[in-house]
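>>> Quick check, what structure comes out for this input:
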Amino acid sequence: MRALVQVGLKATVLDPQGQTIQAALGRMGFTGIAELRQGKVFEIRWAPGVERAEAERQVERAAREVLTNPVMEEFTIRWE
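As a prediction, the model looks like this:
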């Protein structure tokens with residue numbers, strides 16, 4: 001069982017790194033990009049035998065308390 005926690009800046013927070021990357025891509029000939037925002041992904045793999053409900057509880061807590069800055073960032077979790 002694997003969880004992917006995607007963390008990114010809230011829409012209301014400026015993303016200068018994303019803007020810099022977008023500008024660089026434009027200079028390289030990548031056209032049509034309306035907006036680019038950078039983020040990070042955490043891949044969490046669970047040991048065999050860990051129940052899904054417990055894994056969900058733990059990953060939700062880790063995302064809220066450790067992996068994100070709730071003032072500036074938001075997250076989504078995808079299970080595989």
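>>> Stretch 45-54: end-to-end distance?
Counting by CA to CA, to the nearest Å, you get 13 Å between the two ends of stretch 45-54.
>>> what about that stretch, average pLDDT?
Averaged across stretch 45-54, pLDDT comes to 95.
>>> can you check stretch 66-78 too?
Mean pLDDT, taken over the full extent of stretch 66-78, equals 97.
>>> give me the number of residues near Ala53?
As a burial measure, the neighbour count of Ala53 was computed by other CB atoms under 10 Å and equals 8. In this view, the C-beta of every residue, glycine as well, is placed from N, C-alpha and C.
>>> Oops, could you answer that again for Ala3 instead?
20.
>>> got it, and Val50?
Val50 is surrounded by 12 other residues when neighbours are defined as other CB under 10 Å.
>>> mind checking how far it is from Phe75?
Taking CB to CB, to the nearest Å as the measure, Val50 and Phe75 are separated by 20 Å.
>>> just Leu14 next, same as before
When CB to CB is the yardstick, Leu14 and Phe75 sit 19 Å from each other.
>>> do the same with Ala11
Distance check for Ala11 against Phe75: by CB to CB, it reads 14 Å.
>>> and if you look at Ala23?
The spacing between Ala23 and Phe75, counted by CB to CB, is 26 Å.
>>> and those two? which has more neighbours close in?
Of the pair Ala23 and Phe75, Phe75 is the one with more neighbours under other CB under 10 Å, namely 20 against 12.
>>> residues contacting the more buried one?
Taking CB atoms under 8 Å, 6 or more residues apart in numbering as the contact definition, Phe75 lies against 5-8, 63-64, 67-68.
>>> could I get those as a markdown table with distance to Met28 and neighbour count?
Output for the contacts of Phe75, formatted as a markdown table (distance: CB to CB, whole Å; neighbours: other CB atoms under 10 Å):
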| residue | distance to Met28 | neighbour count |
| --- | --- | --- |
| Val5 | 30 | 19 |
| Gln6 | 25 | 15 |
| Val7 | 26 | 17 |
| Gly8 | 23 | 19 |
| Ala63 | 33 | 22 |
| Arg64 | 37 | 11 |
| Leu67 | 31 | 17 |
| Thr68 | 31 | 18 |
